[in-house]
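Novice: Okay, structure incoming, though there's no sequence with it:
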């Protein structure tokens, strides 16, 4: 074997392993009928939406769709969908391509530190690692992220300390595309990038490094710019607050700290873990600090509360390189044994993970898992038949559907994906809280309804139907479906009952019911009045117009402990086409709201002192300080990073109750150029968030600001 032919043979071996993994996964995909779960479904949904946005050239919407996940992988999936419009094919084609890219980049990276067999082993360990194979069956961002991390690590070395101009520009491109894969990309490459920048030898190399940084920023900035200030808070919430809600143990508890050591065999396979241990020793001896630095982000994942195998998957390429280095440090006889062990482990890991052949393996005498099988299933979870039933009943209009269950195979995520995939104009809501306002259809489930931290709401809704005959009448069962886990899915549709009663009687009863429920949203009310127009539509549960006025009231959600309350004066609310349950109104004197075409705030006054008291009762983190002026308000927001100051004004908007415009914006005391003002205002303007949480349209009359406070509608 000549040296010239050796790389070709090595590439052929890597290609053969990649094809074997893809073939096993393709067989799995041909059998499996599981719907995409949770984030998997969300990414597929975004892929379909991106394809449709790109088809009409709407790049602005592509960049605006997600607050946390960049568009690179979903949009590549969307382009694949245009060529292969199959639920099974389009997303996985992209994942398989990234898997091949990651294996190739890992081989190239390992070739810089070890010989050919060690580099091939590194690529094979990456492609057949249990966690990688498991994730390659799903359209998730983690395999692409691992591939882009490997590409970036190799690209930085290709620049030779940024001495080479073209490779430096390409390294910048790789960094930018990596950031467009997932925001956490920066965490995985930061140590290696720091080492590369510290090694810049001269001014020319410094210029090349600057060019790489400029290219990376130019590629990533269009998506990150509007989100730059909000992403750190989102990352912190995902790492700690949401982890605590999900029941993860404290970050520094023994159970939490033991999570990644116990799951090492799932990350790289048992043989890979042994070789990594050898590789650490050899890398220290040979001073391969670059590879060791690429693994240092693992320390950060030990310290956060939210621990998942997916989070450390992008470290597998660097760990695989260490394993290849470890192989090269073994005696010749042991190297042969290790190569056979790697090949055998690769076959077992892929077969066990994809087809559960053999079933889940554990380290003998322990509970440490060696594989995490995800066998295919032909069982149907009925999403499409359920959606077809709703679409027929709704007449293909944009009805609102509530999906309270949050089980992996039966949640709002996969229903929403199939609706978008099949072009249905349905809108979706998770579990409704107190009343099913604006909900026209509900999809309920018995048995498993999701993880403990989300199960309370669907169970509460099921209990409400069991105990409330009026609600059961208003939402009769339209269909039932047997599910593979032995449970039953139920589809309910809204049918407002009709009563025989004089319109005047119903109008008086409805006004009285509104007054009885006023204490849920207001206290210290002066001169409350509720006017209902009597007509025959009231018998069908529809009030064309309800007008609520008060001289003064303290407003807020009184049912929620610690809610901030706002004192307001001269209040006038108008409800257009208010839908209610007339049976519960007459039978139990109870107001059960069902829908509302529009809520109009026609008048309201808030004094500056009352607004200050309202702000003082809100959570301190991110609490704004507001000073009213003549036609404007000076806003100061204290964040974890630099403070934001802006002079804001209310303006009308077609897609939300109001919007804010701003000038004199500064970030950390530095004036913000006009081009970037919109990005900063994403952190200050609450109007989009308010509109997203409203179940019905809300109109607000003209808002005026004065030193004494805020008035709506010329109060």
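Specialist: All right, it came through fine. Since the structure is predicted, the reported quantities are computational estimates derived from the model, not experimental observations.
Novice: use CA for all of it now, contacts and neighbours both
Specialist: Noted.
Novice: Give me the buried positions along stretch 205-223.
Specialist: For stretch 205-223, a neighbour-count test (16 or more other CA atoms under 10 Å) marks 205-213, 215-217, 219-221, 223 as buried.
Novice: Let me see the ranges of the strands in the stretch 251-400 of the chain.
Specialist: Taking DSSP state E, counting those that start in this stretch, the strands of the stretch 251-400 of the chain run over residues 400-402.
Novice: That one: helices as residue ranges?
Specialist: 254-257, 259-262, 264-268, 270-286, 289-294, 298-303, 309-312, 316-328, 332-355, 383-394 (DSSP state H, counting those that start in this stretch).
Novice: picking up where we left off before, which among the buried residues of stretch 205-223 gets closest to residue 555?
Specialist: Residue 555 lies nearest to residue 223 out of these, by CA to CA, at 38.0 Å.
Novice: Now do the SS call for that closest one.
Specialist: The three-state label given to residue 223 by DSSP: H, G, I helix; E, B strand; the rest coil is helix.
Novice: repeat for residue 214
Specialist: Secondary structure state of residue 214, per three-state DSSP, is helix.
Novice: Which pLDDT value goes with residue 536?
Specialist: For residue 536, the model assigns a pLDDT of 88.
Novice: doesn't residue 503 make contact with it?
Specialist: Yes - applying CA atoms under 8 Å, one finds residue 536 in contact with residue 503, separated by 5.7 Å.
Novice: Just put the helices of the stretch 251-400 of the chain in TSV and tack on mean neighbour count.
Specialist: Formatted as TSV, the helices of the stretch 251-400 of the chain follow (neighbours: other CA atoms under 10 Å):
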stretch	mean neighbour count
helix 254-257	15
helix 259-262	15
helix 264-268	25
helix 270-286	19
helix 289-294	20
helix 298-303	14
helix 309-312	17
helix 316-328	30
helix 332-355	18
helix 383-394	17
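Novice: Okay, residue 312 and residue 569: tell me how far apart.
Specialist: Counting by CA to CA, to the nearest Å, the gap from residue 312 to residue 569 is 55 Å.
Novice: same question, residue 412
Specialist: 40 Å.
Novice: And these two? Which one has more around it.
Specialist: Remark: of residue 412 and residue 569, residue 412 carries more neighbours, 25 against 20, as counted by other CA atoms under 10 Å.
Novice: my guess is residue 651 meets residue 660, correct?
Specialist: Yes - at 5.8 Å, residue 651 and residue 660 qualify as touching, with contact defined as CA under 8 Å.
Novice: Compare the two (neighbour count), which wins?
Specialist: More neighbours surround residue 660 than the other of residue 651 and residue 660, with 17 against 13 (other CA under 10 Å).
Novice: Got the phi and psi for that one?
Specialist: Main-chain dihedrals, residue 660, degrees, to the nearest 10: phi -120, psi 140.
Novice: Next up, phi/psi of the residue nearest to it when sequence neighbours are not counted, please.
Specialist: Spatial nearest neighbour of residue 660, chain neighbours left out: residue 650 (4.8 Å); criterion: CA to CA, 6 or more residues apart in numbering. Per-residue torsions, residue 650: phi -80, psi 140 (degrees, to the nearest 10).
Novice: returning to what we had before: which neighbours do residue 651 and residue 660 share?
Specialist: Common contacts of residue 651 and residue 660 (CA atoms under 8 Å, 6 or more residues apart in numbering): none found.
Novice: Just say helix, strand or coil for residue 590.
Specialist: Classification of residue 590 by three-state DSSP places it in coil.
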